[in-house]
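My questions concern the predicted model and sequence given below.
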Amino acid sequence: MGEQGETNVKRMSLIVTKGTLDWAYPPFILATTAAAMGLEVSMFFTFYGLSLLKKKLDLAISPLGNPAMKMPMAGMHMAMPNIIAMLPGVGSLATGMMEGMIKRKGIASIEELRQMAIEADVSMVACQMTMDLFEFKREDLIDGPSLGGAASYIETATKADINLYI
Amino acid sequence: MGEQGETNVKRMSLIVTKGTLDWAYPPFILATTAAAMGLEVSMFFTFYGLSLLKKKLDLAISPLGNPAMKMPMAGMHMAMPNIIAMLPGVGSLATGMMEGMIKRKGIASIEELRQMAIEADVSMVACQMTMDLFEFKREDLIDGPSLGGAASYIETATKADINLYI
Amino acid sequence: MGEQGETNVKRMSLIVTKGTLDWAYPPFILATTAAAMGLEVSMFFTFYGLSLLKKKLDLAISPLGNPAMKMPMAGMHMAMPNIIAMLPGVGSLATGMMEGMIKRKGIASIEELRQMAIEADVSMVACQMTMDLFEFKREDLIDGPSLGGAASYIETATKADINLYI
């Protein structure tokens, strides 16, 4: 980015801390939308959010403990009772249901949105401390993201017009 | 709002993504407080947060998987063991306990805070994509909120002094 | 801080709403890092986050309902099945595992990070309404933090360059 553009271009900086299928959507939808609108976007992936940078995504949801997760079923919205949600296989079932819902509605997958973000020059940084803590290796992650720490995040955030912790 | 006021009025923009009874409080308390202080406030309701715009609220909490949810009981603070929290009816029991606590302390209900926000001219936008995904109909929601997407959120957020993702 | 510095010093303002061991890290790491970089930092502790100001911390995690919490084990990353995670003692076991991981990697404890934040003059405010709601007494909390409400938070946030809701 040229020095001259700095005062005009709007910037958005996201900290991405969650790693479930449902919470993977907000950061990538915001990032790709903002980039398409001409904002300069950076994403800092930390804690459970780091897994969104893995080459092979295996995202899941769990309705356990989230009574607000109500799936549309037979014209109603149903939350899953915890005593059922905790049974083996029910997490996968719920994940499959949500994946199906997303697909039927024509919404892109996380892999597709992530690729769109990369192509739109969204800057991605993987948190070094999280990599050490959870024992991720650089080759577990997709190419592209650089490694950085909280200081590099703060540096970026002080210059952003929109800061969000997701 | 007139063009002339734009440089002086402070603005707050919230993305509201959670739909449980406990997490419904922060956005509405922040919105009503900020509006009372003269800020221009906008709220974008998306994912599970969209349910906070339903005409008929049926908010619940679950202590499952949140060991930090400790209720004051007999002079102590007790977390509920997961093996109890997952039993049928215990989620409703915990919801009832929290509703009772809120009422005894004289704190407004979510319905009341939402009404206060509307009367204070807080701008509310319901996420169109979430409505499609979870099959909400416009008539399920209260009057007032407009429909919009991530682009309209970003547009608003670039002009706000306080941006929060809740 | 002198009046003259006000226009130059960057400011970060955090709302801290979570009280589990894992989610206690982001606010304190961000606060201590930003303070070390010369930013003026303030933290508003509310809801479950208030417990991070307790004299005696008893933080815990639960893998329940968070399929993204995968511990490194035997060279793999394993999520704990909900049916196991909900058993009595398994929450403590997972908490112990995470504490061990954190210690082995040489990462500071929350108590240490909190002390560092205090020594770096990070401003801490405990939410008065949360204290009333959950029946905390002032003497349950460490010395230092002042008491305040949403209005004092908003006042601070309007002046900050980085606002995050954690």
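Perfect, thanks for sending it.

Quick one: name the residues of chain A near chain B.
A:10, A:12, A:22, A:25-26, A:29-30, A:33-34, A:36-37, A:39, A:64-72, A:77, A:79, A:81-83, A:86, A:101-102, A:105, A:107, A:161-166 (Cβ under 8 Å from any Cβ of the partner chain). Every C-beta, even on glycine, is put in place using the N, C-alpha and C of the backbone.

where does the residue nearest to the spatial centre of chain A land in three-state SS?
Against the mean C-alpha coordinate of chain A, by Cα atoms, centre = their mean, the closest residue is A:Ala24 at 3.3 Å. Following DSSP: H, G, I helix; E, B strand; the rest coil, A:Ala24 is assigned to helix.

wait, doesn't it sit right on A:Leu59?
Yes. A:Ala24 is within contact range of A:Leu59, at 5.7 Å (criterion: Cβ atoms under 8 Å).

Let me see the contact set for A:Ala68.
For A:Ala68, the contacting residues are A:79, B:18-20, B:48, B:51, B:59-60, by Cβ atoms under 8 Å, 6 or more residues apart in numbering or on different chains.

Point me to the helix or strand that includes it.
Secondary-structure assignment from DSSP states H and E places A:Ala68 in no helical or strand segment.

quick check: mean pLDDT across stretch A:147-162?
Stretch A:147-162 shows a mean pLDDT of 97.

Tell me where chain A is predicted with low confidence.
A:1-7 (pLDDT under 70).

which residue sits closest to A:Pro27, ignoring its sequence neighbours?
A:Val16 (4.6 Å; Cβ to Cβ, 6 or more residues apart in numbering or on different chains).

could you measure A:Ala120 against A:Thr32, distance?
Distance, A:Ala120 to A:Thr32, using Cβ to Cβ, to the nearest Å: 6 Å.

and A:Ser92, how many residues sit next to it?
If you count neighbours by other Cβ atoms under 10 Å in any protein chain shown, A:Ser92 ends up with 13.

Setting the sequence-adjacent residues aside, check what's closest to it.
Closest to A:Ser92 by Cβ to Cβ, 6+ apart is A:Ala60, at 7.1 Å.

Now for A:Leu87: which residues touch it?
A:Leu87 touches C:82-83, counting by Cβ under 8 Å, 6+ apart.

re earlier: now, which of the contacts of A:Ala68 sits nearest C:Met131?
Nearest to C:Met131 among the contacts of A:Ala68: B:Thr20, at 21.3 Å, using Cβ to Cβ.

just checking, the closest one touches A:Pro67?
Yes. Judged on Cβ under 8 Å, B:Thr20 makes contact with A:Pro67 at a distance of 6.2 Å.

Now do the shared contacts for the two.
B:60-62.

Closest one to chain C out of the residues you listed, please.
Within those, the smallest distance to chain C is 8.4 Å, found for B:Ser62 (Cβ to the nearest Cβ).

Using the three-state scheme, assign that closest one.
coil.

gap between it and B:Met98?
11 Å.

got it, and A:Gly149?
For A:Gly149, the distance to B:Met98 - Cβ to Cβ - is 38 Å.

Check A:Ser146 too.
For A:Ser146, the distance to B:Met98 - Cβ to Cβ - is 43 Å.

same thing with A:Ala126?
38 Å.

Which one of the two is surrounded by more residues?
Ranked by neighbour count (other Cβ under 10 Å), A:Ala126 and B:Met98 place A:Ala126 first, with 24 against 20.

Now do the contacts for the more buried one.
Neighbours of A:Ala126 in contact, by Cβ under 8 Å, 6+ apart: A:45, A:50, A:53, A:136, A:141, A:145-148.

circling back to that earlier point, can you flag the buried ones in the residues of chain A next to chain B?
Neighbour counting by 16 or more other Cβ atoms under 10 Å in any protein chain shown classes A:10, A:12, A:22, A:25-26, A:29-30, A:33-34, A:39, A:64-71, A:77, A:79, A:82, A:86, A:101-102, A:161-166 among the residues of chain A next to chain B as buried.

Among the residues you listed, which are located in strands?
Judged by DSSP state E, those include A:12, A:70-71, A:77, A:79, A:162-165 as members of strands.

What is the burial count for A:Ser152?
Using other Cβ under 10 Å, A:Ser152 has 17 other residues around it.

Next: A:Cys127.
For A:Cys127, using other Cβ under 10 Å, the count is 27.

so it makes contact with A:Thr46?
Yes. In terms of Cβ under 8 Å, A:Cys127 counts as a neighbour of A:Thr46; the distance is 3.7 Å.
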